[in-house]
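Asks: Sequence and predicted structure below; questions after.
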Amino acid sequence: MNKLEEKNHIYKLIQLGYLQELDNRRKEELENWLRSSPDHISEYEDIIKVLRYADRLTSMAKIDTAGDLLLVKQKMKSGSQLRKLSVYFQRIAALLIIPLLLFSVWTMFNRFGFGKHEVVMNRTETSYGVRSQIQLSDGTKVWLNSGSKLFYPEKFNGKSREVRLIGEAYFQVKSDREHPFYVDLDGYKIKATGTSFNISNYTSDNEVIAYLEHGKVALVGGQKEKETEYSQLEEGEMIILNKAQKQYRIQKADGSKYLSWVNGKLVFKKDNIRDVAVRLGRWFNVELVVNDERLNDYIFTATFEKESLEEALILLSYSSPIKYKIIPGHQLNDSSYYNRKVIISKMEKAK
C-alpha cells in the first residue's frame, strides 16, 4: 500500500482500539507501529484526543437534547408540534456534528498529511565506466560521473530545492534566490542559488570535495529552519571535508582537474598513485590494486581522453618504475560477474 493508504489503515486501527474492537492480530500490528518510532506515539496521542473530544461533544448533545425532549413532551399537544420540534432537533444535531467533523478532518489532514501532494522521488544512477546528463524540473542541469547516484523530486515544491548525491556530479543550477538549491551530503549540505560547481562524494572516499566554478556556494548544516552556515566558497576555490573528523579546509584549486571529466577527459596533477588507481578504476570499471608500499611516494601528472585502460597503464609506466598485471573478468559459479582487476607493483631494477 502507498503512504496515504498506510496512514488511513493506521488511523482505522487506532479508532478500533479506542472502541476496544481490535482482535489480537490487529492489536499486535498497532503496537508494532507504535514501537517503531517516537513520532508515532505523538500521532497516536493526538488522534486519541480527537476521539475523546468527539465523545464529549456527543455526550453533551445527548444531555442537552434529552432535557429539551422531556420539556417538549410535557408541552406537546398535537402531531404538528411534534413534527416542528423534530425538525428543530435535527437542526441542533447538525450544528453539533458539523463542527465536530470539521475539527476531526482538520486534525487528521494536518497530522497525517491527507490532501497534501505526495513527493515523488526519482533516482538516476550511472554504472562505473559510464557518465550521463540529466535536467531537473527547475531547469538545473546535472552531469553524473561513473558510479554515481542522484536522488531528486519529480517536481520541486516548497521554499527550497533539495537533492542527494552519492558519487560525483557537476551542477549548473538554475538561478532562483527565492528557492535555494541544496545538495545533501549526509550531515552537511552545499547551498547555492544560481551557480556551477562540482562535488565528489563517493561512499568509499574519506573526504567530500566541492569545487566552485562560477557564482557562490556555502557549506551549511542543521535544519533549514535553524541553518548554520560554516563557510562560503569563492570562484576557483574548493572545500575538502573530512567525513570522520567533521573538519574542513578551503584552498585554491586548478579547475581542470575537477571539471575535465564532464568533457570526457581524466586529468591527474601531482596525484599519488593510490588516488590515481581509484579514479582510473571508476573511469574504466576495473579494480586497481597497488600492492607495493614503495610506490606510495610516486606522483603522477597525466591527461587521458580516448585511451584504453591498457594504453593508460603503459603511459603511467613510462613515468614511473611500475609493472602491472591484468586479470580478465569472468563469471563465477553463483552467476555473479567478477570484474577485471589490475595488480600494480614496483618494477625491480635489472641486476
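Replies: Right, received. Where do you want to start?
Asks: Okay, now the unreliable bits of this protein?
Replies: 1-2, 38, 53-119, 222-226, 330-338, 349-351 (pLDDT under 70).
Asks: again, 50 this time
Replies: 61-73, 76-78, 80, 82, 85, 88, 92, 94-95, 98, 112-115 (pLDDT under 50).
Asks: The stretch 1-150 of the chain: strands as residue ranges?
Replies: 121-125, 132-135, 141-144, 149-153 (DSSP state E, counting those that start in this stretch).
Asks: Does residue 302 lie in a helix or a strand, and which?
Replies: Assessed by DSSP states H and E, residue 302 sits inside strand 299-304.
Asks: Return the distance of that strand from the chain's centre.
Replies: 35 Å (Cα atoms, centre = their mean, to the nearest Å).
Asks: Also stretch 142-159?
Replies: On Cα atoms, centre = their mean, the centre of stretch 142-159 falls 9 Å from that of its chain.
Asks: Alpha carbons only: can I get it in PDB?
Replies: In PDB, the C-alpha atoms belonging to stretch 142-159 read as follows (Å, rounded to 0.1, in the frame of the first residue of the first chain):
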ATOM      1  CA  VAL A 142      23.400  17.800 -13.700                       C
ATOM      2  CA  TRP A 143      26.300  15.700 -15.100                       C
ATOM      3  CA  LEU A 144      26.900  12.400 -13.300                       C
ATOM      4  CA  ASN A 145      30.300  10.700 -13.200                       C
ATOM      5  CA  SER A 146      30.900   7.000 -13.100                       C
ATOM      6  CA  GLY A 147      29.400   5.000 -10.200                       C
ATOM      7  CA  SER A 148      27.100   7.900  -9.000                       C
ATOM      8  CA  LYS A 149      23.500   8.200  -7.800                       C
ATOM      9  CA  LEU A 150      21.400  11.300  -7.700                       C
ATOM     10  CA  PHE A 151      18.100  11.400  -5.700                       C
ATOM     11  CA  TYR A 152      15.700  14.300  -6.600                       C
ATOM     12  CA  PRO A 153      12.000  15.100  -6.600                       C
ATOM     13  CA  GLU A 154      10.000  14.800  -9.800                       C
ATOM     14  CA  LYS A 155       9.000  18.400  -9.100                       C
ATOM     15  CA  PHE A 156      10.400  20.900  -6.700                       C
ATOM     16  CA  ASN A 157       7.800  22.200  -4.200                       C
ATOM     17  CA  GLY A 158       8.200  24.400  -1.200                       C
ATOM     18  CA  LYS A 159      10.800  27.000  -0.300                       C
END
